[in-house]
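[1] Starting from these lines, generate the structure:
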Amino acid sequence: MKIPTCAKRYKELIVHEHTRIDPYYWLNERENPEVIDYLNSENTYCDNTLKNTESLQEELYTEIIGRLDKTEESVPYLLDGNYYYSRYEEGKEYPLYCRKKRSLEAEEQVLLNNNLLAKGKEYCSVAKLSVNPTNEILAYAVDFVSRRLYTICFKNLKTGEVSQEQIPSTSGGFTWSNDGKYLFYVQKDETTLRSNKVFRHELGTAIKEDVLVFHEKEEAFISSVYKCKSKEFIFIGSYSSTSTEYNFIDANEPEADFTLFQPREEDHEYSIDHFEDKFYIVSNWQAKNFRLLTVGLSDTNKESWTESIAHREDTLLEGIEIFRDFMVLEERHGGLSQFKVLPKNGTAHYIKMEAASYMAYGSVNMEFDTPLFRYGYTSLVTPSTVFDYHFGDKTKEIKKQQKVIGGYSEENYVTERIYATATDGTRIPMSLVYNKKLYVEGESSLLLYGYGSYGHVVDPGFSPARLSLLDRGFAFVIAHIRGGEDMGRYWYEEGKMLNKMNTFTDFIACGEHLVKEKYCAADKLHGMGGSAGGLLIGAVMNLRPDLWKSLVAAVPFVDVVTTMLDDSIPLTTGEYNEWGNPNEKEAYECMLAYSPYDNVEVKDYPSLLVTTGLHDSQVQYFEPAKWVAKLRDMKTDDNLLLLRTNMDVGHGGASGRYEYYREVAFDYCFLLKS
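    This is a model prediction of the structure:
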């Protein structure tokens with residue numbers, strides 16, 4: 001089939017007396033029929049190129065969904081006398097959200113059937129749902145476009161009627177006042193998609209009468225609203241990637257003016273919880289890896305804060321969970337999550353974890369007066385498990401473990417924690433898994449996955465879909481590269497802004513180590529990443545194209561310089577603290593050195609699959625489209641280059657439970673074909 005071509009319309013871009021010529025800038029014209037025609041031509045080419053794999057795609061898809069529990073149900077949790085949970089019905093794409101009153105033996109009440117909500121829609125995502133304190137009204141936030149612009153709707157739980165009263169263009173975040181009469185919600189700017197205004201809505205009144213209670217005017221900040229676990233306070237949070245600020249009111253006085261908790265400061269991040277007569281603050285004030293402080297309810301300025309848990313150089317304090325008789329510190333040490341239990345009376349201790357490499361996280365813990373801490377646990381070989389930890393006798397109770405239909409034996413798989421050495425001598429951890437019956441040292445294929453931005457940690461968790469690769473002889477590795485917060489706050493800061501190149505060279509070092517130590521064949525190393533991880537893939541492809549057999553870049557952020565210079569693009573200005581502001585020359589030159597689009601050259605590249613969504617609100621579709629067009633024009637090899645644009649969805653891909661796995665099967669099929 002004829003390879004798609006994209007028309008060149010040269011645009012001159014001059015910054016800091018430096019000129020770039022962009023022949024594909026015009027692809028950002030979303031409403032231009034030529035743009036849609038080009039995207040469709042790439043889709044047709046992609047489908048036709050992989051047409052001989054359609055049976056394999058269907059085989060993979062059927063295999064993957066065949067492992068899923070068709071009637072999966074979450075572990076119920078107790079809140080205000082009701083047990084809440086979600087469940088799936090066999091063959092349905094979306095969950096039902098349900099509750100039972102006072103007892104798990106009581107009659108089920110379906111709060112929201114997402115399948116009915118999604119009927120006739122190409123996309124349907126529910127961001128949040130919450131019953132008001134009188135237990136009469138359900139509020140839920142839904143997006144039918146995949147732009148992450150959510151409409152808040154209201155349902156009368158006594159009559160089942162959905163009100164005509166709706167609040168459009170929100171972030172999906174909201175919370176109720178304690179009297180159940182008011183809803184505080186966050187509105188998004190429809191152009192920039194920045195969550196910048198918090199309103200108070202009185203039930204039964206027109207939206208135009210809603211009261212603006214907070215307006216975040218600084219472009220680098222976004223806003224949120226929530227009620228703390230004690231239900232006594234409502235907080236409005238303002239966040240940038242390096243600074244936070246909170247305002248609060250008594251949740252029993254919804255019409256009161258908000259009070260500033262602690263003014264924002266550069267490089268000061270903090271979070272707040274409340275219990276009895278104190279606020280508990282997790283803060284990086286004079287503490288790179290964060291520490292725990294407390295303060296009384298009246299004077300909350302940081303000069304009044306008292307240290308409770310000191311800063312530790314080797315341990316990141318990620319959060320806390322407060323109970324009446326004990327507290328749990330959620331920490332990260334040596335790249336792994338851990339829980340430290342601090343009883344009011346007794347000796348502090350850690351909850352024991354079983355594997356050398358795993359993922360653990362606090363689950364739903366809504367009650368103070370309980371002897372239990374609920375947490376989730378998984379590893380690359382252990383299906384997701386929910387535990388209740390009994391504080392009194394230090395025992396663990398499994399409440400649920402993810403079912404793998406058709407049979408699964410952990411004994412058939414091996415997981416390891418291994419290390420590569422970066423160019424500056426830093427040890428980079430990796431999490432490895434393979435099927436020991438099929439894996440052959442020095443001969444097998446291997447997929448290396450990475451992200452490495454925003455301090456986000458890709459923990460080593462179980463994936464039933466991934467078994468389809470492992471059971472075909474692939475090994476799978478997660479590279480815990482700098483730019484994430486895997487090894488603490490320092491790890492993040494060494495992979496951002498002017499240090500960003502470390503992220504890419506770390507990933508390359510991991511790939512080189514895997515080949516050198518014969519974890520895979522030299523010509524069977526593959527890479528994958530999405531969003532900022534797609535930037536990672538684009539950068540390492542330019543730096544070391546010879547290292548990879550194939551690469552998958554999902555919704556990739558690849559036109560870094562142009563995007564960061566355009567403050568009209570959604571979310572750009574809020575990213576300056578992550579990537580730098582290219583209006584400053586030093587930051588501009590740093591970005592220019594790694595921006596995948598700007599560094600495409602006339603040379604051979606590995607096989608590449610690029611995926612995007614037309615309605616993507618995080619990384620606009622035109623970035624990957626321009627990148628592929630430029631690669632087509634300049635690359636000198638005959639390897640696969642495919643662009644697949646989902647014309648119905650955005651950044652997160654398909655919203656349906658099963659439809660999502662069609663995309664996974666497609667990606668896996670590309671890797672297997674490569």
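[2] Now do the same contact list for the most centrally placed residue in the chain.
    By C-alpha atoms, centre = their mean, the chain has its centre lying nearest to residue 456, at 7.8 Å. Residues in contact with residue 456 (C-beta atoms under 8 Å, 6 or more residues apart in numbering) are 484-485. In this view, the C-beta of every residue, glycine as well, is placed from N, C-alpha and C.
[3] For it, give its distance to residue 225.
    As judged by C-beta to C-beta, to the nearest Å, residue 456 and residue 225 stand 23 Å apart.
[4] With residue 155 instead?
    With C-beta to C-beta as the criterion, residue 155 and residue 225 are 21 Å apart.
[5] okay, those two: which has more neighbours?
    Using other C-beta atoms under 10 Å as the criterion, residue 155 and residue 225 rank with residue 225 on top: 23 against 19.
[6] what are the pairing partners of the helix or strand hosting that one, and which direction each?
    Using DSSP states H and E, residue 225 sits in strand 222-227. Note on strand 222-227: by DSSP bridges, its sheet partners are strand 233-239 (antiparallel).
[7] mind checking how far the partner strand is from the chain centre?
    21 Å (C-alpha atoms, centre = their mean, to the nearest Å).
[8] what's it in contact with?
    By C-beta under 8 Å, 6+ apart, strand 233-239 touches 175, 177, 184, 198, 213-214, 216, 218, 221-228, 244-251, 254, 258, 261, 264, 272, 274.
[9] so after that strand, what's the next helix or strand?
    That would be, after strand 233-239 and using DSSP H and E, strand 244-250.
[10] Direction-wise, compare that following strand with strand 233-239 and give the angle.
    160 degrees (axes from the mean of the first three to the mean of the last three C-alpha atoms, to 10 degrees).
[11] ok now strand 244-250, how far from the chain's centre?
    The answer for strand 244-250 is 25 Å, by C-alpha atoms, centre = their mean.
[12] hmm, back to that, restrict the contacts of strand 233-239 to the buried ones and give me that as a ChimeraX selection.
    To isolate in ChimeraX the members of these that are buried, counting by 16 or more other C-beta atoms under 10 Å, one can use:
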select :175,177,184,198,213,214,216,221,222,223,224,225,226,227,228,244,245,246,247,248,249,251,254,258,261,264,272,274
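[13] Mind listing the strands the helix or strand that residue 13 is a member of pairs with, and their directions?
    Per DSSP H and E: residue 13 is located in strand 11-15. Strand pairing for strand 11-15, using DSSP bridges, gives strand 18-22 (antiparallel).
[14] Give me the contact list for the following helix or strand past the partner strand.
    Downstream of strand 18-22, the first helix or strand assigned by DSSP H and E is helix 33-49. Residues from elsewhere that reach helix 33-49, judged by C-beta under 8 Å, 6+ apart: 1-4, 6-7, 26-27, 29, 614, 621-622, 625, 628-629, 640, 642-645, 647.
[15] Show the buried residues in those.
    4, 6, 26-27, 614, 621-622, 625, 628-629, 640, 642-645.
[16] Check pLDDT for those and point me to the minimum.
    Within the buried ones among the contacts of helix 33-49, residue 614 has the lowest pLDDT, namely 90.
[17] Does it touch residue 625 like I think?
    No. If you go by C-beta atoms under 8 Å, residue 614 and residue 625 don't touch, sitting 9.8 Å apart.
[18] any common contacting residues for the two?
    39, 645.
[19] And residue 175, what's its pLDDT?
    The score at residue 175 is 98. That number is its pLDDT.
[20] again with residue 241
    At residue 241, the predicted lDDT confidence score is 85.
[21] Any idea how many residues pack against it?
    Using other C-beta under 10 Å, residue 241 has 20 other residues around it.
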